[in-house]
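1. quick check, what structure comes out for this input:
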Amino acid sequence: MKDNDVSGSIYDFIREAGIEVPQLVEAGLELLAGVEKTEELEIALERQIKKSLEDINVIVLIIAGIRVEEDLLNHRIKGVDVDDDPAYLYSDEVLGMAIANQIAGTKAIFNFKRYDEAKPGIIGTLGPMLDDVFAGLIAGCMSKIFEE
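-> Numbers count the residues shown, from 1 in each chain. Okay, the predicted model is just below:
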């Protein structure tokens, strides 16, 4: 996507980051415990992810994570090196928790910790910012579908 291209949807942004909704659904279902994985649950999670991707605050937080990760990985910020995902970098967790909280409130932050640590599916392949951003999205969505 060119910098001056304003027509892109959030789906275009995440696709360019190498992520598709079905991969997020798969990662979300990977940590199920005490609940049977069903087609109904899979549909509910996909529906919730898509609904969450309509929330302007979720969109902005995801795009912020994508943009920061691009800048960090391409060493565009002088004096900042996160090639080894240093422990003192915690703004990625802040973004992930903010996304989870926006979708399903405080309870989703506890679920975020599970997804952040286990890094299921696509989450484990992402860079230092995006693994937490999308762990937050999945944690929030999983928390939301189980509260309804």
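
2. what's the host helix or strand of P22 packed up against?
-> Assigning secondary structure by DSSP states H and E places P22 in helix 21-30. In terms of contacts (3 or more CB pairs under 8 Å, 6 or more residues apart in numbering; DSSP states H and E), helix 21-30 is packed against helix 39-52, helix 130-147. C-beta: built from backbone N, CA, C; applies to glycine.

3. repeat that for 10 Å
-> helix 10-16, helix 39-52, helix 106-118, helix 130-147 (3 or more CB pairs under 10 Å, 6 or more residues apart in numbering; DSSP states H and E).

4. ok, now which ones touch the residue positioned nearest the centre of the chain?
-> Closest to where the C-alpha atoms of the chain average out (CA atoms, centre = their mean) is F134, at 1.1 Å. By CB atoms under 10 Å, 6 or more residues apart in numbering, the contact set of F134 is 14, 17, 19, 23-24, 27-28, 49, 62, 65, 96, 99, 115, 119, 121-123, 126.

5. let's see it at 8 Å
-> By CB atoms under 8 Å, 6 or more residues apart in numbering, the residues touching F134 are I19, L24, A27, I62, G96, I122, I123, L126.

6. and E20, by the same measure?
-> Per CB under 8 Å, 6+ apart, neighbours of E20: I14.

7. distance-wise, check it relative to E147.
-> Using CB to CB, to the nearest Å, one gets 26 Å for the distance from E20 to E147.
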